[in-house]
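**Q** A predicted structure for the sequence below; I have some questions about it.
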Amino acid sequence: MTLLWIAIAVLLLPALWLLVSPLRNARALHEQQRQFEANDVSDEQNVAIFKRRLASLEAAHERGDIDVERFEEDRLELERSLLEDTAVREQRPLKPAHAGRLAVPLIMVAVVAVSVVWYQQKGAEGDLILLAVRQAVQQDPEGSLDMYIERMQLQAERQPNNPNVWGTLFPLYRETGQMPQAVGALERLIEIEGRLPPLLAQLAQIRFFMAGRELTDEVQALVDETLAKDPNEPTVLGMLGLHAFDNGDYEQATDRWRRAVANSADTDTAASLREAIRIAQERMSAASEGPEENVDEVVNSHALK
């Protein structure tokens, strides 16, 4: 994290330099503007231009190029233009060269403060902390899942609204057999991320196994909600296939698993489901006297992933 804040400071330096640089040139610019206003000869130039145009107009009148009426109109227009160009304009006195110096430090502080607050709100500071926690556990000679879980629980207290905290804790609890805690982490993740089909499917699946692979009312409600949002959600379809297999409905199990394979992005899970389909098809096509293959080992190897 120290390196992160150093990097942020380095990025802020050019912005602060741009804010300070006008102060360094303020005195020279003030002197240039003062001299320009003191030596302003624009009025004299306008009068000279008026005289040249008037002389040209009079020469044209003497040559007979224009009549008296046209001459008077053009002369009146020249005089009106001269009055407009030489009208007295009030100029505000120049401010001292050091005017506004106090505002610059305030703006600099505001830029730094806004940048830090914005990063804390919109940046990935929390995720970088999670990465640091993981690396620290991996590099610790005594690092373990229990240590990782303990440190992630501490981060959950500090970052209760960071979905990546709960997304990390959920599989850790599940892999260590802490199913109630896994459910709690997943439900918290759903509160933050919304009731997304993949998350609902995982919640339905873990409750399904906690209920002894029974479709309880709670599990069925989650299944219905998931399929209403995504009829091809592979996790739910795989779970329904396993339930059908347990009840001897091998045809339905095969159908559900095939749909799950078609929509699964995990190659290992798809391979396990294909093996389960093979076993279910054997159960349908032949009634052998030998020991039946157990589909549990095939499907359960990836069911909770």
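**A** Perfect, I can see it now. Numbers count the residues shown, from 1 in each chain.
**Q** distance check, residue 185 against residue 169.
**A** Distance, residue 185 to residue 169, using Cβ to Cβ, to the nearest Å: 4 Å. No exception for glycine: its C-beta is placed from N, CA and C like everyone else's.
**Q** wait, residue 253
**A** Distance, residue 253 to residue 169, by Cβ to Cβ: 32 Å.
**Q** that older thread, now for residue 185 and residue 169: what residues contact both?
**A** When Cβ atoms under 8 Å, 6 or more residues apart in numbering defines a contact, no residue borders residue 185 and residue 169 alike.
**Q** who has more neighbours, residue 253 and residue 169?
**A** The neighbour count for residue 253 versus residue 169, taken as other Cβ atoms under 10 Å, is higher for residue 253 (28 against 24).
**Q** and that one, what element?
**A** helix 250-263 (DSSP states H and E).
**Q** packing partners of the helix or strand following that helix?
**A** Counting by DSSP H and E, the element after helix 250-263 in chain order, helix or strand, is helix 267-285. Helix 267-285 sits against helix 234-246, helix 250-263, helix 295-303, with contacts defined as 3 or more Cβ pairs under 8 Å, 6 or more residues apart in numbering; DSSP states H and E.
**Q** which one of those helices lies closest to residue 165?
**A** helix 234-246 (22.0 Å; Cβ to Cβ).
**Q** for that closest one, packing partners?
**A** Judged by 3+ Cβ pairs under 8 Å, 6+ apart, helix 234-246 is in contact with helix 197-210, helix 217-229, helix 250-263, helix 267-285, helix 295-303.
**Q** okay, those, which one's buried deepest?
**A** Stretch with highest mean neighbour count among these: helix 197-210 (a mean of 22; mean count of other Cβ atoms under 10 Å).
**Q** hang on, isn't residue 269 packed against residue 238?
**A** Yes - using Cβ atoms under 8 Å, residue 269 makes contact with residue 238 at a distance of 7.4 Å.
**Q** show me what contacts residue 247?
**A** Residue 247 makes no contacts at all, as judged by Cβ under 8 Å, 6+ apart.
**Q** need phi/psi at it.
**A** phi -90, psi 10 (degrees, to the nearest 10).
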